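Participant: 3D, please:
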Amino acid sequence: MLTFLLVVLALIALAVFPVMYTARALGAEKTSIGSVLLVLVLQLCLSRLVDMVISSGLVAALAGFFGGALIIQMVMVTTYKRALLISLVSSVITIIGVLLLIKLMGNHGAPVEEVSMLLTAQSGRIA
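Facilitator: Residues are numbered from 1 along each chain as shown. Coordinates of the predicted model:
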């Protein structure tokens, strides 16, 4: 149970902090935790909508990425180019963090397949 709570806390940190710090580094106006959580919730809704509407994986991923950058632009009050960079950089940081978490959890007796399924089920689409 403690491991599950630690994994959930790590996932929340991996979702929130890369977006927040990348947005701050690139000069977005609104970088509070509330703004970041709003961005993540809206991106998750967009991801689900895109998955329902578009059947092609590549087109859906591109629509999600560019739509997510538009959400970042509107919520965090920044330019679209900066929003694309925020989305790209925070996604890379989050992916590396999730891979490290999978590796760490795999070394503590949990099967890697189970850990990766838990992580991908909890995280949804990345910023």
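
Participant: Run through this protein and note the low-pLDDT ranges.
Facilitator: Along the chain, segments meeting pLDDT under 70 span 107-127.

Participant: And the helices in it, which stretches?
Facilitator: Along the chain, counting by DSSP state H, helices occupy 2-25, 33-53, 57-76, 80-106, 112-123.

Participant: how much space is there between residue 13 and residue 97?
Facilitator: Taking CB to CB, to the nearest Å as the measure, residue 13 falls 8 Å from residue 97. Glycine gets a C-beta too; all of them are placed from N, C-alpha and C.

Participant: Then residue 54?
Facilitator: 27 Å.

Participant: Compare the two (neighbour count), which wins?
Facilitator: Here residue 54 and residue 97 are compared on neighbour count by other CB atoms under 10 Å; more neighbours surround residue 97, at 18 against 15.

Participant: got the phi/psi numbers for residue 26?
Facilitator: Backbone torsions for residue 26, taken as degrees, to the nearest 10, come to phi -100, psi 10.

Participant: what about the closest residue to residue 76 other than its chain neighbours, how many residues close to it?
Facilitator: Counting by CB to CB, 6 or more residues apart in numbering, residue 28 is the residue found nearest to residue 76 once chain neighbours are left out, at 4.0 Å. Neighbour count of residue 28, defined by other CB under 10 Å: 23.

Participant: For residue 10, which non-adjacent residue is spatially closest?
Facilitator: residue 101 (5.6 Å).

Participant: So that neighbour sits against residue 6, correct?
Facilitator: No: assessed by CB atoms under 8 Å, residue 101 is found out of contact with residue 6, at 9.6 Å.
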